[in-house]
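*Asks:* for reference, the sequence and a predicted model appear below.
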Amino acid sequence: QVQFVESGGGLVQPGGSLRLSCAASVFRMDYYSIGWFRQAPGKEREGVLCITSGGATTYWQDSVKGRFTTSRDNGKKTVYLQMNNLKPEDTAVYHCAGDFACPTLDYDRWGQGTQVTVSS
């Protein structure tokens, strides 16, 4: 069963950093593009960025450019989201999603996600 599991969330002060991981249960990780999404309390889920199977990054939120980066280790079947200079507005449940192209908000296999809270 294809599955993507997020981890690494936590409580961090404004200006701090976190690295989230997305571990995949797939046969070939290099086939998959991985999208990162987040849902803040009382708000709709939104796309943050996507890393393609070829390693290119597409940002869906201008607010994270220059602060968030993503990388992948196909051998470990894991994608990472490095989040620096975190702001309170980054507080959300973060989800990863994988598909043969960058996933959209119509994705139907959401996992539990990982909570990121940015607060002093």
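*Replies:* That came through, no problem.

*Asks:* give the contact list for the residue positioned nearest the centre of the chain.
*Replies:* Nearest to the geometric centre of the chain sits residue 36, at 2.9 Å (CA atoms, centre = their mean). Residues near residue 36 by CB atoms under 8 Å, 6 or more residues apart in numbering: 20, 22, 47-50, 70, 81, 94-96. For glycine as for every other residue, the C-beta is placed from the backbone atoms N, C-alpha and C.

*Asks:* in the sheet, which residues pair with it? Tell me.
*Replies:* Here residue 36 sits in beta bridges with residue 49, residue 96, as judged by DSSP bridges.

*Asks:* what's the spacing between it and residue 27?
*Replies:* Going from residue 36 to residue 27 by CB to CB, to the nearest Å gives 22 Å.

*Asks:* a markdown table for the contacts of residue 36, including pLDDT?
*Replies:* Listed next are those as a markdown table, based on pLDDT from 0 to 100:
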| residue | pLDDT |
| --- | --- |
| 20 | 98 |
| 22 | 98 |
| 47 | 98 |
| 48 | 98 |
| 49 | 98 |
| 50 | 98 |
| 70 | 97 |
| 81 | 98 |
| 94 | 98 |
| 95 | 98 |
| 96 | 97 |
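
*Asks:* highest neighbour count among those?
*Replies:* Counting neighbours by other CB atoms under 10 Å, residue 96 comes out on top of those with 31 neighbours.

*Asks:* my read is that it contacts residue 79, right?
*Replies:* Yes - with contact defined as CB atoms under 8 Å, residue 96 reaches residue 79; the gap is 6.5 Å.
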